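Trainee: Requesting a structural model of the entry that follows:
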Amino acid sequence: MWIIVDERRSYHADKIKIGLVGYFMEGSRRTAECQVIEITGLIEKNHKKANS
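Mentor: Numbers count the residues shown, from 1 in each chain. Down below sits the predicted model:
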């Protein structure tokens with residue numbers, strides 16, 4: 001998962017943990033189950049956007 005809006009990083013940093021199970025959604029339909037196995041770059045202060 002990528003966080004596109006930098007202002008939402010602190011929101012996600014407080015919630016995501018290793019082992020957390022969640023779902024990828026398409027509208028109201030669950031299309032995949034996922035589990036967090038690694039967290040990288042979530043709280044980096046000098047986050048660089050791709051292609052910039």
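Trainee: Can you show me the strands along this protein?
Mentor: Listed in chain order, the strands of the chain (DSSP state E) span 21-26, 29-35.
Trainee: residues in contact with stretch 25-41?
Mentor: For stretch 25-41, the external contacting residues (C-beta atoms under 8 Å, 6 or more residues apart in numbering) are 1, 16-24, 47. C-beta here means a position set from N, CA and C on the backbone, and glycine is covered the same way.
Trainee: Now render the residues you listed as JSON lines, adding pLDDT and distance to residue 32.
Mentor: JSON lines is the format used below for the contacts of stretch 25-41 (pLDDT from 0 to 100; distance: C-beta to C-beta, whole Å):
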{"residue": "1", "pLDDT": "74", "distance to residue 32": "11"}
{"residue": "16", "pLDDT": "90", "distance to residue 32": "17"}
{"residue": "17", "pLDDT": "92", "distance to residue 32": "19"}
{"residue": "18", "pLDDT": "94", "distance to residue 32": "19"}
{"residue": "19", "pLDDT": "95", "distance to residue 32": "17"}
{"residue": "20", "pLDDT": "94", "distance to residue 32": "14"}
{"residue": "21", "pLDDT": "96", "distance to residue 32": "11"}
{"residue": "22", "pLDDT": "93", "distance to residue 32": "9"}
{"residue": "23", "pLDDT": "94", "distance to residue 32": "7"}
{"residue": "24", "pLDDT": "91", "distance to residue 32": "4"}
{"residue": "47", "pLDDT": "53", "distance to residue 32": "26"}
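Trainee: What remains of those residues if I keep only buried residues?
Mentor: Among the contacts of stretch 25-41, none scores as buried (criterion: 16 or more other C-beta atoms under 10 Å).
Trainee: okay if I get these as CSV plus distance to residue 35?
Mentor: Supplementary listing: these in CSV, determined by distance: C-beta to C-beta, whole Å:
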residue, distance to residue 35
1, 12
16, 11
17, 11
18, 9
19, 7
20, 7
21, 5
22, 8
23, 11
24, 12
47, 24
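Trainee: Include distance to residue 43 when you put the strands of the chain into a markdown table, please.
Mentor: Output for the strands of the chain, formatted as a markdown table (distance: least, C-beta to C-beta, whole Å):
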| stretch | distance to residue 43 |
| --- | --- |
| strand 21-26 | 19 |
| strand 29-35 | 20 |
